[in-house]
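Enquirer: Provided below for reference: sequence and predicted model.
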Amino acid sequence: MAHGEVRLVVPHVRPLDTDDELAAALVQVRVDLKLPTAFSAEVEEAADAAVAAYEPPELDLTDIPFSTIDPVGATDLDQALYLERTGETLRVMYAIAEVPAFVWPGSAVDAEARKRGQTLYAPDGRVPLHPTVISEDAASLLAGATRPAFVWTFDLDATGAVTATTLVRAQVRNRRQYDYVEVQDLLDKELADESLSLLPEFGRLRAELERQRGGASLNRPDEEVVLVDGTYVLERRSPLPVEQYNAHVSLMTGMEAARIMLEGNVGILRTMPAPDPETLADFRRQVASLGCPWPENQNYGEYLRALDHSDPRALAAIHAATSLFRGAGYTVFDGEHPDETIQAAVAAPYAHATAPLRRLVDRFVLVACEAIISGRGVPKWVREALPELPKIMARTGSVASQLERASVNAIEAALLSARVGDEFDATVVSERADGGVIQIADPVITARIEGKVTAGSSVRARLVAAEIATGTVEFVLA
């Protein structure tokens, strides 16, 4: 679920032969972007020293049966979850990896993290934010291991609204690592434990609150490229309900983190302006031309939620909706509230606070929130870093976007490389001076086309080029 965090879903490629042309192209993307291939010896030694010197927090919450829900094979586990019913309402406990226990201010690990900004994900692997001795071991909430964490506790009322929030540093133990398919299967068969069985109720309550706020999200189907009998094919997968429920836990946490920092008059928010009337009007005209009209009495969040992802026209409408989710950034404040506090897609103040192993800014948000709630002053090292964080996250976010776009271009070219000369049914998503943008349904790919086209029309498009090495895909009108 992306609330204004518009990113293309980078597929995972399997298997990936080292002699394969696509594998070579993806390696070249990393080279062109000058991505780091390893941590320096100094950083690795500093990470080892921090792990060796680690002292656990005094509070012991290892009796709470936390569990994690992550993609299959994940090893950098940021969040562990426990839900329980308290009378007629719910309590949610959310443990977030305590990265500051291992990343000391001013250390070589801290300096390197500020250079990297975030973990970068590519189809053929990732470039981690922290050395793996921290991100995949000492700080990761691995099953069966006792780990330090920032533990949030949220008490909810009957509508799912938060009535009380606490945040403490404590030792926790993840009882079991689940993947999304596994949890969805347990829920469907009514075999989930008490904690997981409450997720659907929680998710529905929070989704309704989001609807009432006017929040919106782009729930794009995941796409995975698979090599079958020497040919690349694309598999599409819509998000499972449990993924939406779990995302609402993180969303709620980010909203509470923003509230706490605003009340404490210091922090960093994730903000995004609302789309202006002209942008909304353009979007309304565009989706009408696509055959997916947006009712006048419906806000754009409800409209996006109602789209049928199995309809190519709806996928084109979702592509067009990226115009509504622009201008996201980070807003720092210290001493007084900023002019802008709202993340428009969330329709509330919001902060990044749940992925410190993978995103730099979350570490500072968590420390600030814990200090404010405990009545202590926010540490000087946090306050001094705040003004630099927006620039770091913008710079590294740009690199992440370039990595994803270039990787997707190469993959799309690979999918089509054996079909040059073929014709495809396509929907015109938008018009341009020298042609337009089309979306073909099989495989689901958006690409440029030459020739005079009209937005919303159906056309036959002939593929004239698909070069994996350059990620070039070209269509002309048939």
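Expert: Yep, that arrived.
Enquirer: can we go C-alpha only for contacts and neighbour counts from here?
Expert: OK.
Enquirer: Low-confidence regions, this protein specifically.
Expert: Regions of the chain meeting the criterion pLDDT under 70 cover residues 1-19, 219-237.
Enquirer: Apply 50 and report the result again.
Expert: For the chain, the stretches with pLDDT under 50 are 1, 4-18.
Enquirer: can you list the domains in it?
Expert: According to automatic domain parsing, the chain is divided into the following domains: 13-273+327-419, 420-478.
Enquirer: Out of the ones you listed, flag the one nearest V287.
Expert: Closest of those to V287 is domain 420-478, at 7.6 Å (criterion: CA to CA).
Enquirer: Return the distance of the closest one from the chain's centre.
Expert: Mean-position distance between domain 420-478 and its chain equals 28 Å (CA atoms, centre = their mean, to the nearest Å).
Enquirer: How about stretch 203-222?
Expert: Once both centres are worked out by CA atoms, centre = their mean, stretch 203-222 turns out to sit 15 Å from its chain's centre.
Enquirer: Same check on stretch 202-215?
Expert: Its chain's C-alpha centre and that of stretch 202-215 lie 19 Å apart, by CA atoms, centre = their mean.
Enquirer: can you pull the buried residues of it?
Expert: By 16 or more other CA atoms under 10 Å, the buried positions in stretch 202-215 come out as F202, G203, R204, L205, R206, A207, E210, R211, G214, G215.
Enquirer: Secondary structure element for the fifth one, which one?
Expert: If you go by DSSP states H and E, R206 is part of helix 199-213.
Enquirer: counting contacts, what elements does that helix pack onto?
Expert: For helix 199-213, the packing partners by 3 or more CA pairs under 8 Å, 6 or more residues apart in numbering; DSSP states H and E come out as helix 241-264.
Enquirer: which residues are contacting the helix it packs on?
Expert: Helix 241-264 is contacted from outside by 1, 69, 94, 152, 165, 180, 183-184, 199-200, 202-204, 206-207, 267-269, 337, 348-354, 365-366, 368-369, 372-373, using CA atoms under 8 Å, 6 or more residues apart in numbering.
Enquirer: From the chain's centroid, how far away is the longest strand along the chain?
Expert: In the chain, assigned by DSSP state E, the strand with the most residues is strand 162-179. Centroid displacement of strand 162-179 relative to its chain, using CA atoms, centre = their mean, is 20 Å.
Enquirer: Same question for stretch 42-58.
Expert: Taking the mean of its C-alpha atoms, stretch 42-58 sits 28 Å from the chain's own mean (CA atoms, centre = their mean).
Enquirer: CA atoms only for that stretch, dumped as PDB, please.
Expert: Output in PDB follows, covering the C-alpha atoms of stretch 42-58 (Å, rounded to 0.1, in the frame of the first residue of the first chain):
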ATOM      1  CA  GLU A  42      36.500   0.300   8.800                       C
ATOM      2  CA  VAL A  43      32.700   0.200   8.700                       C
ATOM      3  CA  GLU A  44      32.600  -3.500   9.200                       C
ATOM      4  CA  GLU A  45      35.000  -3.300  12.100                       C
ATOM      5  CA  ALA A  46      32.900  -0.500  13.700                       C
ATOM      6  CA  ALA A  47      29.800  -2.600  13.300                       C
ATOM      7  CA  ASP A  48      31.400  -5.600  14.900                       C
ATOM      8  CA  ALA A  49      32.600  -3.500  17.800                       C
ATOM      9  CA  ALA A  50      29.100  -2.000  18.400                       C
ATOM     10  CA  VAL A  51      27.600  -5.500  18.400                       C
ATOM     11  CA  ALA A  52      30.200  -6.700  20.900                       C
ATOM     12  CA  ALA A  53      29.600  -3.700  23.200                       C
ATOM     13  CA  TYR A  54      25.800  -3.900  23.100                       C
ATOM     14  CA  GLU A  55      24.000  -3.700  26.400                       C
ATOM     15  CA  PRO A  56      20.300  -4.800  26.400                       C
ATOM     16  CA  PRO A  57      17.600  -2.500  27.700                       C
ATOM     17  CA  GLU A  58      16.400  -3.100  31.300                       C
END
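Enquirer: That'll do, ta.
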